[in-house]
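Engineer: Can you look at this prediction? I've put the sequence above it.
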Amino acid sequence: MEEKTATLKELVYHNAESAYTVGVFQGAEDSFTAVGHLPAASAGRTFRLGGVWKEHPAYGSQFSFSEYREEMPDTDEGIASFLASGALKGVGKKRAALIVEAFGTDTLRVIDEEPHKLTEISGIGPKKAADICEAFRQHREFAEVSLYFQQFGVSVPAAMRLYKTYGADTINAVRENPYRLIGDVHGMGFRAADSIAMKMGIDKNSVFRLQSGIKYILWYHVNDGSAFIPKTLLLDKAAQLLDVSRDDIEECLPEMVFEGELQIENLEGRPVVFLEAYYVAEQSVCKDLIRLERAELRTLQADVENLLDMTERESGVRLSENQKYAVRESLDHGVFVITGGPGTGKTTIINSIIAILKSGGIETGIAAPTGRAAKRITETTGHEASTIHRMLEYCYSENDDAMRFGKNAENPLPLGAVIVDEASMIDIMLMKGLLQAIPSGARLIVVGDADQLPSVGAGNVLRDMLDSELIYSVRLTEIFRQANESSIIVNAHRINRGEYPEFNSRGGDFFLVQRNDDEHILETLQELCATRLPKYYADCDILKDLQVLTPVRKGVLGSAHLNKMLQAILNPPAPGRSERTFGERTLREGDKVMQTRNNYRMAWRKADGAEEGEGVFNGDVGFIRALDAENGLITVVFDDNRFVEYDFTQTDELELAYAVTVHKSQGSEFPLVLMPVTWFPPVLATRNLLYTAVTRGKRAVILVGMENRMRVMVDNNQIKERFSGLCPRLRAFLPQNGSGGEAFWNLP
């Protein structure tokens with residue numbers, strides 16, 4: 001490997017996210033073009049580069065470097081150039097010249113050791129001096145981190161993520177436990193962390209490594225929706241991942257149980273393994289459901305039948321007998337589940353229950369798992385709804401580095417009833433927090449469509465409650481007259497029954513545009529978005545009202561590729577429209593974007609400044625209001641009035657949302673839904689995925705593709721297995737032939 005020391009004179013290309021750089025460098029004897037990963041590259045900075053010469057077919061000879069080290073300048077000119085290069089935020093060319101004029105070659109030492117002296121310069125106060133000192137410290141720390149990890153083959157972008165996570169303690173933290181990278185650094189998987197660990201000398205059979213691999217397998221299944229994994233499957237998968245024997249894996253388990261990391265339990269005749277938190281969550285949810293069900297309910301201060309009659313008169317809506325049954329039963333039980341498809345009157349029932357509870361003197365809270373779902377409930381019912389997180393007063397705990405709820409068993413919700421809609425989206429951890437905060441004697445009314453896709457998070461809460469036969473419930477099946485006029489709703493029910501949908505009727509709202517291959521499907525999607533839909537639905541805002549759904553992320557008809565296509569159509573480059581490229585993505589002012597993971601510490605504020613808070617959640621959708629390249633900031637507006645500022649290092653939490661996966665669309669409704677239909681993996685080309693997609697549309701659903709593939713989805717009633725223990729736990733408290741229910745009554 002050759003080394004060259006040179007100053008960056010011209011920045012030809014630089015990607016802020018990946019740090020990939022093409023630049024013209026000036027060495028002691030010659031100038032040359034160099035390519036490689038260089039974070040925060042800017043003209044005027046000097047580097048020692050390690051690499052090899054390569055011949056590019058179009059651009060000729062280039063120095064391709066894989067290692068770099070920044071050289072601190074020692075001349076007035078070099079120091080001024082370094083300071084003005086952008087290496088230190090808040091120091092431009094003019095300020096750099098004033099600082100060097102005052103301190104000369106001693107400038108960098110002054111910034112590092114005596115930053116208070118900077119206040120002698122006009123325009124620099126104590127805060128600005130401290131900021132310059134901190135920027136210089138971070139610059140040096142990251143240079144050290146990046147240099148250290150080069151020896152382990154860690155890319156510059158990965159080193160940037162490490163430093164963002166651990167700061168000055170990065171090297172010590174990773175030396176101490178390289179496997180902590182898996183959970184602590186977004187995008188770092190087990191194999192990458194294991195590779196670093198092996199190069200650091202961690203023994204292949206060390207208990208430390210084996211336990212990390214076991215936890216990785218468990219977390220993989222949690223992220224795939226399961227609360228536990230059968231022990232035999234865990235042993236097989238961990239042994240394969242770590243290239244050790246099953247016996248080696250099994251020997252690690254008792255100590256991990258003793259340390260409180262895992263729980264092993266015999267469930268339905270087989271040993272299963274939980275991460276401790278998910279074992280506790282299932283136990284807690286089971287216990288609290290039974291607590292609420294057996295508690296003496298707060299008394300309604302009125303006659304339910306009279307209130308039902310009054311509600312019907314005031315609303316002008318006549319309830320069916322099944323709807324009246326749902327209302328009565330929900331008021332008679334501590335926990336009650338109402339499930340049914342679109343058009344079956346769930347909203348009407350919710351409105352009736354709220355009116356009766358209000359008239360009966362019971363204060364009621366209404367919530368949903370996501371902000372989009374809560375907003376829709378507010379719009380359709382006329383009653384203010386919030387997210388479950390907000391109802392529970394979520395906050396971030398610095399001590400635990402985790403989310404905590406202000407409302408809990410010690411500080412319960414001051415409510416006599418809680419109605420939760422879109423319950424198919426609730427995972428086991430969120431359900432645990434909700435139930436703990438509901439006081440005994442309050443009613444919990446759970447509303448959702450059990451035939452939709454299950455929650456993104458672990459567990460199968462709604463389905464388990466229904467299947468347990470311990471929780472009282474009603475299933476709504478009747479489609480009411482107005483809903484019966486919608487082809488979307490009629491077809492949704494046809495799909496759910498395993499029948500093929502009918503489409504393309506004159507004046508209808510459900511269409512299939514038949515195309516026979518992916519290339520023509522893509523062309524038709526482009527045409528529909530660019531011309532046909534804006535023309536036909538002229539009263540719609542296509543950017544906001546159209547949502548493209550797809551079962552997959554990858555491939556020509558996956559959300560990633562579709563987003564690039566749709567961005568070019570719906571929000572193309574334009575003069576004055578700021579944009580920035582991050583890796584393979586370009587973010588632009590006006591773009592529709594989605595938050596991709598929960599960030600409980602992200603600050604937000606309302607436009608009028610009347611309200612502010614923290615927390616942006618996985619699946620939240622907004623629009624980029626402003627992109628400030630100079631200060632490295634992106635402003636996103638969620639829910640039309642929550643303003644959130646991201647710095648450029650946080651853009652890995654955002655992705656374009658013109659097209660989203662069907663899973664990500666849960667809890668939302670869109671005026672126009674557009675979806676490609678082609679060959680998809682059988683595990684995704686399922687009836688309930690198609691059903692979920694169709695039920696997202698309000699005004700029109702347009703499928704583009706092959707009728708036979710749509711029929712394959714309807715025929716495929718395969719439901720991906722999730723490992724969840726809530727149903728058998730609840731069933732354990734069912735009385736058997738008049739006995740066997742003692743555990744129910746003796747539950748603490």
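Structural biologist: Yep, that arrived. Worth saying up front: this structure is predicted, and the values here are computed from it rather than measured. Residues are numbered from 1 along each chain as shown.
Engineer: Tell me how many other residues crowd the nearest residue to residue 516 once chain neighbours are set aside.
Structural biologist: Leaving aside its sequence neighbours, residue 516 sits nearest to residue 706 (CB to CB, 6 or more residues apart in numbering; 6.3 Å). Placement of C-beta: from N, CA and C, glycine included. Residue 706: 20 surrounding residues under other CB atoms under 10 Å.
Engineer: And residue 606, by the same measure?
Structural biologist: Using other CB under 10 Å, residue 606 has 13 neighbouring residues.
Engineer: Need the phi and psi values for the nearest residue to it once chain neighbours are set aside.
Structural biologist: Spatially, and ignoring its direct neighbours in sequence, residue 606 is nearest to residue 641 (5.4 Å; CB to CB, 6+ apart). Residue 641 adopts backbone torsions of phi -150, psi 10, taken as degrees, to the nearest 10.
Engineer: my guess is residue 641 meets residue 609, correct?
Structural biologist: No - using CB atoms under 8 Å, residue 641 is not in contact with residue 609; the gap is 11.1 Å.
Engineer: Just want to know which of the two has more residues nearby.
Structural biologist: Between residue 641 and residue 609, residue 641 has the larger neighbour count (other CB under 10 Å), namely 12 against 8.
Engineer: do you know how far the more buried one is from residue 222?
Structural biologist: Look at residue 641 and residue 222: by CB to CB, to the nearest Å, they are 34 Å apart.
Engineer: try residue 94
Structural biologist: Distance of residue 94 to residue 222, given as CB to CB: 53 Å.
Engineer: got it, and residue 602?
Structural biologist: Separation of residue 602 from residue 222 (CB to CB): 23 Å.
Engineer: neighbours around residue 246, how many?
Structural biologist: By the criterion of other CB under 10 Å, residue 246 has 14 neighbours.
Engineer: Pull the contacting residues for it.
Structural biologist: Listed by CB atoms under 8 Å, 6 or more residues apart in numbering, the contact set of residue 246 reads 235-236, 239.
Engineer: which among these end up buried?
Structural biologist: Among the contacts of residue 246, those buried by neighbour count (16 or more other CB atoms under 10 Å) are 235, 239.
Engineer: Between the contacts of residue 246, which sits nearest residue 19?
Structural biologist: Nearest to residue 19 out of the contacts of residue 246 is residue 239 (CB to CB; 37.2 Å).
Engineer: right, and that closest one touches residue 251 too?
Structural biologist: No - here residue 239 lies out of contact with residue 251, judged by CB under 8 Å, at a distance of 11.7 Å.
Engineer: which one of residue 94 and residue 222 has more residues nearby?
Structural biologist: Neighbour tally, residue 94 and residue 222, criterion other CB under 10 Å: the higher count belongs to residue 222, 23 against 10.
Engineer: looking at this, the more buried one is in a helix?
Structural biologist: Yes - Residue 222: assigned to a helix according to DSSP: H, G, I helix; E, B strand; the rest coil.
Engineer: Toward the C-terminus, what is the element adjacent to the helix or strand containing residue 419?
Structural biologist: Per DSSP states H and E, residue 419 falls inside strand 417-420. As assigned by DSSP H and E, the chain's next helix or strand after strand 417-420 is helix 428-436.
Engineer: I'd like to know which elements that next one is packed against.
Structural biologist: helix 276-294, helix 388-391 (3 or more CB pairs under 8 Å, 6 or more residues apart in numbering; DSSP states H and E).
Engineer: pLDDT score assigned to residue 747?
Structural biologist: Note for residue 747: predicted pLDDT of 37.
Engineer: Also residue 569?
Structural biologist: 95.
Engineer: remind me which residues of the stretch 201-350 of the chain are low pLDDT?
Structural biologist: Of all residues in the stretch 201-350 of the chain, none has pLDDT under 70.
Engineer: ok, which stretches of it are helices?
Structural biologist: Along the stretch 201-350 of the chain, the segments classed as helices by DSSP state H, counting those that start in this stretch run 207-223, 231-242, 246-258, 276-294, 304-315, 321-332, 346-359.
Engineer: okay, those in CSV with distance to residue 574 next?
Structural biologist: Converted to CSV, those look like this (distance: least, CB to CB, whole Å):
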stretch, distance to residue 574
helix 207-223, 39
helix 231-242, 48
helix 246-258, 56
helix 276-294, 48
helix 304-315, 48
helix 321-332, 51
helix 346-359, 41
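Engineer: what's the closest of those helices to residue 689?
Structural biologist: Comparing the helices of the stretch 201-350 of the chain by CB to CB, helix 207-223 comes nearest, at 18.4 Å.
Engineer: for the closest one, the distance to its chain's centre please.
Structural biologist: Counting by CA atoms, centre = their mean, to the nearest Å, helix 207-223 is centred 21 Å from the centre of its parent chain.
Engineer: in the helix or strand hosting residue 192, what counts as buried?
Structural biologist: For residue 192, the element it lies in under DSSP H and E is helix 190-199. Within helix 190-199, the residues that count as buried by 16+ other CB under 10 Å are 190, 192-194, 196-197.
Engineer: intersection of neighbour lists for residue 239 and residue 251?
Structural biologist: Shared contacts of residue 239 and residue 251, defined by CB under 8 Å, 6+ apart, are absent.
Engineer: what number of residues lie near the residue nearest to residue 75 when sequence neighbours are not counted?
Structural biologist: Excluding the flanking residues, the one nearest residue 75 by CB to CB, 6+ apart is residue 105, at 6.8 Å. Per other CB under 10 Å, the neighbour tally for residue 105 reads 13.
Engineer: Residue 105 against residue 76, yeah?
Structural biologist: Yes - assessed by CB under 8 Å, residue 105 is found in contact with residue 76 at 6.3 Å.
Engineer: related to what we said a few turns ago, check which helices and strands the helix holding residue 192 sits against.
Structural biologist: With contacts taken as 3+ CB pairs under 8 Å, 6+ apart, helix 190-199 sits against helix 181-184, helix 207-223.
Engineer: give me that answer again for 10 Å
Structural biologist: Using 3 or more CB pairs under 10 Å, 6 or more residues apart in numbering; DSSP states H and E, the elements in contact with helix 190-199 are helix 156-166, helix 170-176, helix 181-184, helix 207-223, helix 231-242.
Engineer: In the sheet, which residues pair with residue 702? Tell me.
Structural biologist: residue 511, residue 674 (DSSP bridges).
Engineer: ok, now how distant is it from residue 68?
Structural biologist: Per CB to CB, residue 702 is found 51 Å from residue 68.
Engineer: now residue 658
Structural biologist: 37 Å.
Engineer: For residue 472, find the nearest of the helices and strands packed on helix 428-436.
Structural biologist: So among these, helix 276-294 is nearest, using CB to CB, at 8.0 Å.
Engineer: in that closest one, what's buried?
Structural biologist: Neighbour-count burial for helix 276-294, with 16+ other CB under 10 Å as criterion, is recorded at 277-279, 281-293.
Engineer: So what's the gap between it and the chain middle?
Structural biologist: How far helix 276-294 lies from its chain's middle: 25 Å, per CA atoms, centre = their mean.
Engineer: contacting residues for residue 452?
Structural biologist: Residues in contact with residue 452 (CB atoms under 10 Å, 6 or more residues apart in numbering) are 339, 341, 422-425, 462, 496, 662, 666-667, 688-689, 691-693, 695-696.
Engineer: If anything else comes up later, I'll come back, but that's it for now.
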